[in-house]
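Engineer: Sequence plus the predicted model coming up.
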Amino acid sequence: MNTEAKRPTVVLVAFYNTKALGVRYLETALREGGYDVQTIFYKTFNSVHPSKTTQRELELLVERIRAAEPLLVGLSIMSSMYLDTVELVIDAITKHFPRLPLAHGGAFASMFPQRFLRREGLDFSIRIDGEHPLCALCDALRDGGSYEEIPSLCYLKGGEAVINEIGTMEGDIDAYGLPAIECEKACFIEHDKVVEGDPQLGTLSYEVIASRGCPFTCSYCCCINLARLYPKGTKHVRTRSVKSIIDELKIAKKACRKLVFVHFYDEIFPNLPGWVDEFVVEYKKHINLPFTIWSHPKMVDEEVLRKLKAVGLTEVIMGIQSGSPHIRKDVFHRYEANEDIIEATRIIHDSGVFWASYDFMLRHPFETIDTLKETYELVKRMHGPFELQMHGLNFLPGTDIVPMAIEQGYLTAEEMDQIMYAPMEDQFGAYWYRENSTDSQLWYEMIYLLQFKSTRKKAEEWEDNPAAHRSEIDALYEKAQKMAQRRYYYKKARVVLKSKLKI
């Protein structure tokens, strides 16, 4: 039985993410709204060996829900890449609790709310910021009131989907409070077991967002299409105050006893006038841990990086995606020039930041041998040292690149659906897919070899006729992969040591 009769219980489920910032914000909102919350972290993220849920894990989830006797269960559905597990979870909940209301939120649910509406009066989808509408829905269910006019809410009525307009979104996102750093009644379900407590408490790295949204329009990302749903007048990027961030990190340092590193998970780290100056003072005074940020070739600023480095900035991650101006502009909708990228890598190098990581999405249907060669030539000009994070392109539902690929004849609509809604093992397999014995694979390996001085020298010797050195390139590529693994452990060890020395 629920021991807190005056505080109805809401169960929240986060899929494949033990950090799950969105769910943690919802827990805060619900608790402040008068509800008891039990958060279930359901499985963990593994892009190399992903696995959908097992029957035993579903049984454990059902047992947890039955014991909680909740007013509502909320599912955070951020990505289409694990929908096979989501569907199994929904089926299990509706089978065992046919009258239990089920709400869905997150990026994927925001763009495709109708997909999860199956039971009239019992299923709901919430779009974009979920804090206010979820609390309003719970109030209506608790009090027996009407939910039909709640902004941002979607539901079935008369067999038809009702999609309410997105409600007012907080311009000052400090108003949403802090995410729950330690979810009070949490558990973690994985490997057919339940582990009591919040799994984040044992983390070495803490993820924080200083802002919501992104200023750019990349075709492979859902951010721009989520922004198109915003009510008129809502800024595409809303930034928290420095005080809010520092308050959160203070709590995280106390709660996460093993914490040695902070990862700012913003699409682009804030660069507002005066904001960074306030941040560096407060971060140095109260937090003083190594941290990493994401940036963009159009947003890199040497003065800002030097200020951040002085208080712990250890790594800058920057998406480049392709060395081909055509791929970047016409396919990915990224409008920086090659010279912008080269200059950005120079600034990052000259700022003295310890680590630079550059993302590339290669060998997708739009790619040609010529565009791969353009990437090779661009990487040769980039200022090092750097790490290349090279991977494939995932076609994600609701992104602009999906209709583009269909319209240009690379894939049919049916083939695209098979890719986007394939089992998670197939989707992640495509993400890391590598062809064998093709020119594409050869140039991919040549690009990879540019990361290290020793392998770069060989690549440059062979670049005029790499096909004549195929076996040598393959062997050196395998060696470079092992070098990258050792480098990764060196990077982590250095960050941990630096953190310990500061503490």
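Structural biologist: Now that the structure is in, tell me what you want to look at. Residues are numbered from 1 along each chain as shown.
Engineer: longest strand anywhere in this structure?
Structural biologist: Across the chain, the longest stretch assigned as strand under DSSP state E is strand 313-321.
Engineer: ok, and what's touching the helix or strand that that strand is followed by?
Structural biologist: Next along the chain after strand 313-321, taking DSSP states H and E as the criterion, comes helix 325-326. Helix 325-326 has contacts (Cβ atoms under 8 Å, 6 or more residues apart in numbering) with 337-338, 371, 374. No exception for glycine: its C-beta is placed from N, CA and C like everyone else's.
Engineer: Now with 10 Å, please.
Structural biologist: 332, 334-338, 366, 368, 370-371, 374, 378 (Cβ atoms under 10 Å, 6 or more residues apart in numbering).
Engineer: can you pull the contacts of Q481?
Structural biologist: 445, 448.
Engineer: how close does it get to D359?
Structural biologist: Distance, Q481 to D359, by Cβ to Cβ, to the nearest Å: 17 Å.
Engineer: Ok, I90 next?
Structural biologist: From I90 to D359 the distance is 33 Å (Cβ to Cβ).
Engineer: What of T371?
Structural biologist: Taken as Cβ to Cβ, the span from T371 to D359 is 16 Å.
Engineer: Please apply the same query to L378.
Structural biologist: 13 Å.
Engineer: ok, these two, which is more surrounded?
Structural biologist: More crowded of L378 and D359, by other Cβ atoms under 10 Å: L378, with 22 against 15.
Engineer: Find the residue closest to the more buried one in space, skipping its chain neighbours.
Structural biologist: Nearest non-adjacent residue to L378, counting by Cβ to Cβ, 6 or more residues apart in numbering: G323, 3.1 Å away.
Engineer: Neighbours of that neighbour, how many?
Structural biologist: 24.
Engineer: quick one, helices of the stretch 401-503 of the chain?
Structural biologist: Under the criterion DSSP state H, counting those that start in this stretch, the stretch 401-503 of the chain contains helices at 401-407, 413-420, 424-431, 439-449, 453-462, 470-502.
Engineer: mean pLDDT lowest for which of these?
Structural biologist: Among those, helix 424-431 carries the lowest mean pLDDT, at a mean of 72.
Engineer: hmm, back to that, can I have the longest strand of the chain written out in PDB, keeping just the CAs?
Structural biologist: Written as PDB, here are the backbone C-alpha positions of strand 313-321 (Å, rounded to 0.1, in the frame of the first residue of the first chain):
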ATOM      1  CA  LEU A 313      38.200  23.200 -19.000                       C
ATOM      2  CA  THR A 314      39.900  20.000 -20.100                       C
ATOM      3  CA  GLU A 315      38.200  19.000 -23.400                       C
ATOM      4  CA  VAL A 316      36.400  20.700 -26.200                       C
ATOM      5  CA  ILE A 317      34.200  18.500 -28.400                       C
ATOM      6  CA  MET A 318      33.300  20.000 -31.800                       C
ATOM      7  CA  GLY A 319      31.100  18.700 -34.600                       C
ATOM      8  CA  ILE A 320      32.600  19.000 -38.000                       C
ATOM      9  CA  GLN A 321      30.900  16.100 -39.700                       C
END
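Engineer: Mind listing the strands it pairs with, and their directions?
Structural biologist: strand 291-295 (parallel), strand 355-361 (parallel) (DSSP bridges).
Engineer: How far off centre is the first one?
Structural biologist: By that I understand strand 291-295. From the chain centre to the centre of strand 291-295 is a distance of 14 Å (Cα atoms, centre = their mean, to the nearest Å).
Engineer: which stretches of the stretch 51-200 of the chain form strands?
Structural biologist: 72-76, 102-105, 123-126, 153-157, 160-163, 186-190, 193-196 (DSSP state E, counting those that start in this stretch).
Engineer: Each with direction, which strands does the fourth one pair with?
Structural biologist: Each strand that pairs with strand 153-157, with its direction, by DSSP bridges: strand 123-126 (antiparallel), strand 160-163 (antiparallel).
Engineer: ok, now the last one?
Structural biologist: Applying DSSP bridges, strand 193-196 is found paired with strand 186-190 (antiparallel).
Engineer: re earlier: can you tell me which of the strands paired with strand 153-157 is nearest to E445?
Structural biologist: Taking Cβ to Cβ, strand 123-126 is the member of those nearest to E445, at 44.2 Å.
Engineer: that older thread, of the helices of the stretch 401-503 of the chain, which stretch is the most buried?
Structural biologist: Mean neighbour count (mean count of other Cβ atoms under 10 Å) peaks for helix 439-449 among these, with a mean of 21.
Engineer: Let's have the strands of the stretch 51-200 of the chain in a markdown table, adding distance to V260, mean neighbour count and mean pLDDT.
Structural biologist: Listed next are the strands of the stretch 51-200 of the chain as a markdown table, based on distance: least, Cβ to Cβ, whole Å; neighbours: other Cβ atoms under 10 Å; pLDDT from 0 to 100:
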| stretch | distance to V260 | mean neighbour count | mean pLDDT |
| --- | --- | --- | --- |
| strand 72-76 | 27 | 25 | 98 |
| strand 102-105 | 32 | 27 | 98 |
| strand 123-126 | 35 | 26 | 98 |
| strand 153-157 | 41 | 20 | 97 |
| strand 160-163 | 45 | 14 | 97 |
| strand 186-190 | 21 | 22 | 98 |
| strand 193-196 | 22 | 12 | 97 |
